[in-house]
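> sequence below, structure please.
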Amino acid sequence: MSRSPLHRDVWITGIGLLSSLGEGPDAHWQRLTDPAGPKPTLDETSFAPHPIHPLCAVNFDLQIPKKGDQRQMEPWQRIGTYTAGLALSNAGVAQQAELLDRTHMIVAAGGGERDIAVDTALANELAASNEPAGPFLNKRLAADLRPTLFLAQLSNLLAGSISIVHGVRGSSRTFMGEESAGADAVRVAGARLQAGQIDLALVGGSASAPRPEMMLLLSAGDVLLTGPYRPVWQRKEHPGFALGSMGAFVVLEDPAHAQARGARGLARLVTTISTMSRRVPGTEQAEGERLAAELAPYLAPGPLGVLSGASGAEPATSAERHLLAAIGRDRKTFVRATGTMLGHSIEAQFPANVALAALALSQGGFYPPFEPGPMEAPATEPVRQILVTGFGQRRGEAMALVTAIDNSGAANAN
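Residues are numbered from 1 along each chain as shown. Sure, this is the predicted structure:
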């Protein structure tokens, strides 16, 4: 298990969000706090019987002005590059060359998208050929695929696109590894800031839901939600997650650096804890208890908001229930499973929930329940600290604690 060392404070000074609910923090706050009750945006026909949360309408020209740049990117890269621009703009860093020179970047990314037309053509020709499959595929792949097509699939191309389009020129890292990639991107960026190694960081990831090859892979793994659509906590009898198209980036910054340039802190990132248990059947409760004990020293007295990354997949969601139950024994907790509203975006899920935590604290409020039932009670007290959780659908457990910043610019004690 790895944990950020406690040195300098870390502020969240910028939020970039793009999802099925809309573009930017204001659109997400409005949709998620709708007085009529938050409602997800769904596509239940394109990949039936598996529902997805499709991306909202986006004019990519606004953050990626060159059509040539857009053509070089797959959908998940366009989503990520666009959202990174939103975060930089929200933080007041966009187009500030001196700041961008010192902005370090950590991106959580999955694999590149398949060229379905090429795959289909090869499969059809293989079916009609008398040649053995191995030699046939080796010959065709060597002859038909250009090196640039292969390079376009590399996960670190998202970081490269962000650097080219937005001028981010600090160091760059790309993490892969499903949900753990997003958690570790936040953890490592926070640790570098706390240790005084850097002053400014851009962190996040992106995902595109309507990918036929991913739907096939995840369906074969029996982790997708099969319709009709149900909220996360109502999926125990028929487990699974609904993929969501999403981009999520945050700007993390040293408070003194932010104040020197007149930037406002939206919230404070206190700590990020990530681990990877063996997931032995029957150990879900013990894992929840252990993680709750790790978190306890960082919590302040008073109620706790929780933005859960529970996906609906099992046994991961049951393990997360045990964690939330252990934390809730000692304090009042208000739990919200964001997967109900946004879907599950794998690498981008954890950064998205950190962004949503900072958004709520900057607004001085919290989100109403995303579904009826005992798991998501209405918040009856002001929330000044929010726990972000995430148990990957297969491996990887993580938590981050985000707290409010008072009007004087000082973070609340915890």
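> run a quick neighbour tally on F136.
Residues within reach of F136, counting by other CB atoms under 10 Å, total 15. The C-beta positions use only the backbone N, C-alpha and C, and glycine is treated the same way.
> and what of R278?
Neighbour tally, R278, other CB under 10 Å: 7.
> go on, K39?
12.
> ditto for K67
K67 has 10 neighbouring residues, counting by other CB under 10 Å.
> per-residue confidence for the residue nearest to it when sequence neighbours are not counted?
Leaving aside its sequence neighbours, K67 sits nearest to D61 (CB to CB, 6 or more residues apart in numbering; 7.9 Å). pLDDT recorded at D61 is 97.
> do the same with the one 5 residues further on
pLDDT recorded at K66 is 96.
> Three-state assignment for the residue lying closest to it once chain neighbours are set aside, please.
Excluding the flanking residues, the one nearest K66 by CB to CB, 6+ apart is V165, at 7.7 Å. Put simply, V165 is helix when judged by DSSP: H, G, I helix; E, B strand; the rest coil.
> which residues touch V165?
If you count contacts by CB atoms under 8 Å, 6 or more residues apart in numbering, V165 has them with Q63, I64, K66, D69, T81, G85.
> neighbours around S89, how many?
18.
> helix, strand, or coil at it?
S89 - assigned by three-state DSSP - is helix.
> please determine how far it is located from G14.
Separation of S89 from G14 (CB to CB, to the nearest Å) stands at 8 Å.
> G240 and L224, how far apart?
5 Å.
> so S219 is in contact with H50, correct?
Yes. With contact defined as CB atoms under 8 Å, S219 reaches H50; the gap is 6.6 Å.
> just want to know which of the two has more residues nearby.
Neighbour totals were compared for S219 and H50, and H50 leads with 21 against 15 (other CB under 10 Å).
> I'd guessed the more buried one sits against T226; true?
Yes. Using CB under 8 Å, H50 is in contact with T226, at 6.3 Å.
> anything in contact with each of those two?
G240.
> off-centre distance for stretch 69-86?
Centroid separation for stretch 69-86 versus its chain: 16 Å, with CA atoms, centre = their mean, to the nearest Å.
> within the helices and strands, which one has the residue nearest to Q285 when sequence neighbours are not counted?
By the measure of CB to CB, 6+ apart, the closest residue to Q285 outside its immediate chain neighbours is H322, 4.5 Å from it. Per DSSP states H and E: H322 is located in helix 316-328.
> run the chain-centre distance for whatever helix or strand comes next after that helix.
Proceeding N to C from helix 316-328, the next assigned helix or strand is strand 333-337, under DSSP H and E. On the basis of CA atoms, centre = their mean, strand 333-337 is displaced by 17 Å from the centre of the chain it belongs to.
> list the contacts of strand 333-337.
231-233, 303-310, 324, 327, 366-367, 369-371, 375-379, 383.
> which of those residues fall within strands?
Among those, the residues falling in strands (DSSP state E) are L304, G305, V306, L307, S308.
> the last one pairs with what?
When you say that, I think you mean S308. Bridge pairing for S308 (DSSP bridges) gives the partners A337, T389.
> surely it meets T338?
Yes. Counting by CB under 8 Å, S308 touches T338, with 7.0 Å between them.
> quick check: most distant residue from the centroid of the chain.
N130 (45.8 Å; CA atoms, centre = their mean).
> let me know the pLDDT of that one.
Reported pLDDT for N130: 88.
> what do you get for A411?
Reported pLDDT for A411: 45.
> sorry, back to before: how much space between the residue nearest to K66 and V223?
Distance from V165 to V223, by CB to CB: 33 Å.
> before we move on, what about L252?
Where V223 is concerned, L252 sits at a distance of 31 Å (CB to CB).
> quick one: which of these two has more around it?
L252 (28 against 19).
> hmm, back to that, so which of the contacts of V165 wins on neighbours?
T81 leads the contacts of V165 on contacts (other CB under 10 Å) with 28 neighbours.
> how about it, secondary structure?
Assigned by three-state DSSP, the conformation of T81 is helix.
> point out where the stretch 251-400 of the chain drops to low pLDDT.
Scanning the stretch 251-400 of the chain for pLDDT under 70 picks out nothing.
> in JSON lines, list the contacts of V165 along with secondary structure and distance to F391.
Formatted as JSON lines, these follow (DSSP: H, G, I helix; E, B strand; the rest coil; distance: CB to CB, whole Å):
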{"residue": "Q63", "secondary structure": "coil", "distance to F391": "32"}
{"residue": "I64", "secondary structure": "coil", "distance to F391": "34"}
{"residue": "K66", "secondary structure": "coil", "distance to F391": "40"}
{"residue": "D69", "secondary structure": "helix", "distance to F391": "36"}
{"residue": "T81", "secondary structure": "helix", "distance to F391": "29"}
{"residue": "G85", "secondary structure": "helix", "distance to F391": "31"}
